[in-house]
Structure formats: C-alpha cells, structure tokens
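# sharing a model prediction with you, sequence too.
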Protein chains: 2
Amino acid sequence: MEKLYEGKAKILYPEGENTLRVYFKDEATAFNAQKRGLIPGKGVVNNKVSAVLFRYLEGHGVKTHFLEEVSEREMRVRRVAILPLEVILRFRAAGSFARRYGLPEGTPLEAPLLEFSLKDDALGDPLICENAILALGLAAEGELAQVKATTLRVGELLRAFFAPRGLDLVDFKLEFGKRNGEILLADEISPDTMRLWDRKTGEPMDKDRFRKDLGGVEEAYQEVLKRVLEAPEVKEG
Amino acid sequence: MEKLYEGKAKILYPEGENTLRVYFKDEATAFNAQKRGLIPGKGVVNNKVSAVLFRYLEGHGVKTHFLEEVSEREMRVRRVAILPLEVILRFRAAGSFARRYGLPEGTPLEAPLLEFSLKDDALGDPLICENAILALGLAAEGELAQVKATTLRVGELLRAFFAPRGLDLVDFKLEFGKRNGEILLADEISPDTMRLWDRKTGEPMDKDRFRKDLGGVEEAYQEVLKRVLEAPEVKEG
Ligand SMILES: Nc1ncnc2c1ncn2[C@@H]1O[C@H](COP(=O)(O)OP(=O)(O)O)[C@@H](O)[C@H]1O
Ligand SMILES: Nc1ncnc2c1ncn2[C@@H]1O[C@H](COP(=O)(O)OP(=O)(O)O)[C@@H](O)[C@H]1O
Ligand SMILES: [Mg+2]
Ligand SMILES: [Mg+2]
C-alpha cells in the first residue's frame, strides 16, 4: 500500500479521508538524526505502549487520535493536521534542557516545566517561547492554552501511571493535531518520547540508553512494556 | 586604578560602594567571542550614544543606572546586581532569531517580540523562556513583569527617537540590575546592542557590519553618533 509519509520512527498509511494506519519501525535516530541505529523489537514496544497509554488517557478524559491496534506494529488513528510543535513537559532537568542551562542531569524541578520546540528537522527543532509561537502563527492563542492544559493533565496522569510500576517519569514530548476544529493528542507516547528512570536503581529505561550507548537498549524497552502491561492500573481499565 | 571587571566591550572600575565608572573599549567581539576585532572610535561612540539614550529615557520616566559622562569613553553609573538575562526586543526578524526559525532577514513582526537569553558566555547565552526563568530562580515574577513592561516602553521610545533620524530600529538588547530592591535599566544602549538600518538604503549601521564583514564599520558608528547628536529630540532635552 502507498505510504503517506515515512518519518524517522513511523510510517503513515492513508485509510480513507479521516483515518491513518501508523506502522512503528525499529529504526532509531538521535541528535536530530545524526546518530542512527536499530533497536530490534522497538516498533512492537512503542505501538503497544502508546496504545495502552492513549487508552488510559482517553479513560481519563483526554482526547487523542487513537482508535485501535491493528497489528503488533500498527495502530489506527484519526488523521489530524499536526501543529508544528513538540510539547515537552519536564519534571527533572535532563537532556537538552540540562545541557542548555548547565544543570546537572536529573535536577528535580519544583513544578513541571513546559517547553516547546518548533518541529522542523532542518532547523534542528529549536526551542521556541510562547510569544514567538503566537507571533509566527504556529498556533492560535486558544489552541496554545488547550495544548498547555492538556499537557499538564497528561503529565499528572502519566506520573501516576508509571510510579506504581517503579518508573520515574523525568520528561516527555507530545504532539498535537487539529481535526474539525478540535485539538487531539497525536503521534506516540513511548520510551522513544519519554525519559523513564527505574525508581530503585535510577537507570534510564528509554531511548537515552541508545543516545548514550549505555547498552541493554532492547532489554530496557521490553522491561518498560512488561511493566506497562502487568501493573494494576491496566487491569482496572 | 583597580578594575572590578573587564568584559568583552567595557571595563568597570569601582567608585565607592554605590557607583561604578564604565570605560568603553574599541574591542569588538561577535558570535560569542569566536570573532574578535577592533573598531577604532567605537568606545567613544558607544559611551556617547548610551549617555544620550539613558538621559532621553530618564526624561521619559525610565529608571536607569546612568549618572553622568566623565570622559569621552567613560560614564558614571549606579552599581547594580545585574540580572543574568539579556532582554531582547524585536521589531523585525533578524540575526539569531531569523536563523533559528528560518525566516528571511528583516521580516517585519506584527507586534514587538520580547525574548530572553541567559547571560552566560560559557553556555553561549542560550534562549530562555519565561517559565524557565522563574523555575531556575533567575528573576522573581514581579521583577520579570517590570523588566518586560520597561523593555516594551523603551522599545516605543527608541523607535520614536531613531525614526526622525532616518534609522529603523530592528531589534535591541537590554540588561537590567537590582539596587535596593529597585530594578534599573543598566549596561549600554549602542550600535553594539541595537540593529539600526538606514531608512532610505536599508543598510545596517551597527555591529552587523563587523559581524558580516560589510566594511565601513567605523564610518557607520560615527554616522549613528552624528545622527543621535544632531536631530531635534536631543535639542529639546
Ligand atoms: N494522527 C496523525 N495524523 C497525521 N499525522 C500524524 C498523526 N500522528 C502523528 N503524525 C505525524 O506522523 C509522523 C510520525 O512519524 P515519525 O517517524 O515520528 O516522523 P518524524 O520523523 O517527522 O518525527 C510525524 O511527523 C507526526 O507528526
Ligand atoms: N550598573 C552596573 N552595575 C554592575 N554591573 C554592570 C552595570 N552595568 C553593566 N554591568 C555589567 O558590566 C559588564 C559590562 O562589560 P561588558 O564588556 O559588556 O561585559 P560582558 O562581556 O560580560 O558582556 C557586563 O557584565 C554588565 O552586565
Ligand atoms: Mg516523530
Ligand atoms: Mg556586554
């Protein structure tokens, strides 16, 4: 079937006008695709983890693009017009934020800190502040307010989801899209797009193992999937 | 006399507890001091232009560190604790902002756009958004509000000052400091810290001539000084 778009981690296939099939690849990239590699099984983990989390969030009133899983590596979603923003929520300073401001990796933040970057690979996804988002017309004021409120709510829900699974949610990245004037949470929520640290050992259980060549990358992804599937909250749903 | 601090463009000499003498050098740096050079006469121009502008702003109710000129290259100022922020106001996209977001140099902005960077040479003065300024404790909420309001007011006043002098103020950078709980406008306001384009020819009349090796750097600084000193607004004062 013809691709609509192939990105760094996923392939989109059109299914009629209003829905897409998202295929999750094992390919991994980091540092704006300067580093490339393969994490066997990653696509399966990210599809499954994203599906569980989208369902969990929907169950708590968050509107998402998710419709259903269609295979191990594929989900069906509502087609949206993606806002060209990466919306990041941080509970600790880590990664680019820690480097940018010279903070030790893992410094706790008193309150969750919201950050945006312009989703533009050619420009290196630069940091962008709210007034610039509005000035450049990347989102309307009401849309931005909704994106911010939803991201904070998703942050609370994800922290509560991962804590009893022995995982400390350090930060995560979301993408949002528009469909019939409505803002929906889109893209994926996976170890590619979250920092998750084991609460006992402090070990990263996410794409940082790949970024930093820490080894045990596959195993970490599988362990996250296991904990996502096994713990109590999922059985409730 | 002993220096308190020597920076990239100025030297500070202590004068008692509460005041400083600022000496303006001819040395020029750009791109976080990767590029270095000399602009003969720059120190005189920047001292004089800053003095005129600080007096003009004071005359319009803006509280500044400026006390008096003491020589061609020196002014006396109130000593403040500088907030570690560069406060930038943009009327057009130019320089780092234009590059960061892939906008053509000179693109007009519908409304003046305020931007902050963390004043930290080792980190390359990174962009920082308001919520991060507050989270990292770089300024208190009330201070930030005052800095923003003052910068917008300074922007209006400077645009009005330069327009009849045939100069289009494209953007500028301010620094603020605290003294007895009060926020004062500090540092300098000069062709080193503003982009000024000739309104007829569109030619830059500021440090961009040095940054971009456009030639006629000295001449541009002298021309700005001449226009700053000659035009009507100054005679009023
Ligand atoms: N519901 C959706 N409708 C349309 N596009 C989407 C949807 N969800 C995610 N996308 C987009 O699909 C692409 C997913 O593939 P990915 O490999 O992550 O791409 P990229 O390399 O651009 O990040 C992204 O560009 C993402 O913004
Ligand atoms: N009124 C003041 N009191 C104390 N410090 C000041 C005052 N005005 C400016 N400064 C600081 O003095 C220094 C001026 O020298 P400069 O060459 O511009 O230094 P830098 O290379 O750090 O920018 C700057 O660090 C600036 O923040
Ligand atoms: Mg992506
Ligand atoms: Mg300086």
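That came in fine, so what should we check first? Nothing here was measured: the structure is a model prediction, and the numbers come from that model. Ligands and ions are numbered 1, 2, ... in the order given.

# list the contacts for the residue in chain A that chain B sits nearest to?
Residue nearest to chain B within chain A: A:Cys129 (4.0 Å; CB to the nearest CB). C-beta here means a position set from N, CA and C on the backbone, and glycine is covered the same way. A:Cys129 makes contact with A:Phe116, B:Glu115, B:Phe116, B:Leu127, B:Cys129, B:Glu130, according to CB atoms under 8 Å, 6 or more residues apart in numbering or on different chains.

# would JSON lines of those residues with pLDDT be doable?
Shown next, in JSON lines, are the contacts of A:Cys129 (pLDDT from 0 to 100):
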{"residue": "A:Phe116", "pLDDT": "98"}
{"residue": "B:Glu115", "pLDDT": "98"}
{"residue": "B:Phe116", "pLDDT": "98"}
{"residue": "B:Leu127", "pLDDT": "98"}
{"residue": "B:Cys129", "pLDDT": "98"}
{"residue": "B:Glu130", "pLDDT": "98"}
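
# can you tell me the closest non-neighbouring residue to A:Val147?
Among residues not flanking A:Val147 along the chain, A:Phe176 sits closest, at 5.2 Å (CB to CB, 6 or more residues apart in numbering or on different chains).

# hang on, the earlier thing: go through the contacts of A:Cys129 and flag which are in helices.
Judged by DSSP state H, the subset of the contacts of A:Cys129 located in helices is B:Glu130.

# wait, which of the contacts of A:Cys129 is closest to B:Gly202?
B:Glu115 (23.0 Å; CB to CB).

# who does the closest one bridge with?
Taking DSSP bridges as the rule, B:Glu115 bridges to B:Ile88.

# surely it touches B:Phe97?
Yes - contact criterion CB atoms under 8 Å: B:Glu115 and B:Phe97 qualify, at 6.8 Å.

# quick one: residues contacting A:Asn47.
A:Val22, A:Phe24, A:Glu69, A:Glu72, A:Arg73, A:Glu74, A:Met75.

# check the contacts of A:Cys129 and tell me the two furthest apart.
Between all members of the contacts of A:Cys129, the farthest pair (by CB to CB) comes out as A:Phe116 and B:Phe116, at 14.6 Å.

# which helices and strands does the longest helix anywhere in chain A pack with?
Longest helix of chain A, by residue count under DSSP H: helix A:141-162. Counting contacts by 3 or more CB pairs under 8 Å, 6 or more residues apart in numbering or on different chains; DSSP states H and E, helix A:141-162 packs against helix A:42-59, strand A:85-92, strand A:108-118, helix A:130-135, strand A:167-179, strand A:182-186.

# and the fourth one, what does it pack against?
When you say that, I think you mean helix A:130-135. helix A:141-162, strand B:108-118.

# reformat the ones you listed as CSV; add distance to B:Ala93 and mean neighbour count.
Putting the helices and strands packed on helix A:130-135 into CSV (distance: least, CB to CB, whole Å; neighbours: other CB atoms under 10 Å in any protein chain shown) gives the following:
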stretch, distance to B:Ala93, mean neighbour count
helix A:141-162, 20, 17
strand B:108-118, 6, 17
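
# ok, which of those comes nearest ligand 2?
In terms of CB to the nearest ligand atom, the element of these nearest to ligand 2 is strand B:108-118, at 11.8 Å.

# show me what from chain A comes close to ligand 1.
Within chain A, the positions lying close to ligand 1 (CB under 6 Å from any ligand atom) are A:5, A:7-10, A:12, A:20, A:65, A:77-80, A:82, A:175, A:177, A:186-187.

# got the phi and psi for the residue of chain A with the smallest separation from ligand 1?
Across chain A, the shortest distance to ligand 1 (CB to the nearest ligand atom) belongs to A:Gly7, at 2.0 Å. Dihedral angles of A:Gly7 (phi, psi; degrees, to the nearest 10) stand at phi -100, psi -160.

# domain map for chain A?
A:5-78, A:82-216 (automatic domain parsing).

# out of the residues of chain A next to ligand 1, which end up buried?
Neighbour counting with 16 or more other CB atoms under 10 Å in any protein chain shown marks A:9-10, A:12, A:20, A:65, A:77-80, A:175, A:177, A:186-187 as buried within these.

# go back to the residues you listed and keep what's next to chain B.
Checked against chain B using CB under 8 Å from any CB of the partner chain, these give no members in range.

# and those, which is closest to A:Asp120?
A:Glu175 (12.9 Å).

# ok, which residues in chain A are in contact with chain B?
Residues of chain A lying near chain B (CB under 8 Å from any CB): A:100-103, A:109-111, A:113-116, A:118, A:120, A:122-123, A:126-132, A:135-136.

# ok, back up a step: okay, now the residue nearest to A:Val147: neighbour count?
26 (other CB atoms under 10 Å in any protein chain shown).

# pull the contacting residues for the spatially closest residue to A:Glu130 that is not a sequence neighbour.
The shortest distance from A:Glu130 to any non-neighbouring residue, by CB to CB, 6+ apart, is to A:Leu144 (6.4 Å). Neighbouring residues of A:Leu144 by CB under 8 Å, 6+ apart: A:Glu130, A:Ile133, A:Leu134.

# recalculate using a threshold of 10 Å.
A:Leu144 makes contact with A:Leu83, A:Leu85, A:Val87, A:Phe116, A:Glu130, A:Ile133, A:Leu134, A:Leu138, A:Phe176, A:Ile183, according to CB atoms under 10 Å, 6 or more residues apart in numbering or on different chains.

# how close does the first one get to B:Trp197?
It refers to A:Leu83. 33 Å (CB to CB, to the nearest Å).

# so what's the closest residue to A:Phe172 other than its chain neighbours up against?
Spatial nearest neighbour of A:Phe172, chain neighbours left out: A:Met194 (4.1 Å); criterion: CB to CB, 6+ apart. Counting by CB under 10 Å, 6+ apart, A:Met194 makes contact with A:49, A:53, A:89, A:158, A:162, A:167, A:169-174, A:188, A:205-207, A:224.

# give the contact list for A:Phe172.
A:53, A:87-91, A:151, A:154-155, A:158-159, A:162, A:189-190, A:193-196, A:206.

# low-scoring stretches of chain A, by residue?
Scanning chain A for pLDDT under 70 picks out A:231-237.

# residue in it nearest to ligand 2?
Counting by CB to the nearest ligand atom, chain A gets nearest to ligand 2 through A:Gly102 (16.3 Å).

# isn't that residue right up against B:Ile128?
No - A:Gly102 lies out of contact with B:Ile128 (CB atoms under 10 Å); the separation is 11.7 Å.

# give me the common contacts of those two.
Counting by CB under 10 Å, 6+ apart, the residues touching both A:Gly102 and B:Ile128 are B:Leu118, B:Asp120.
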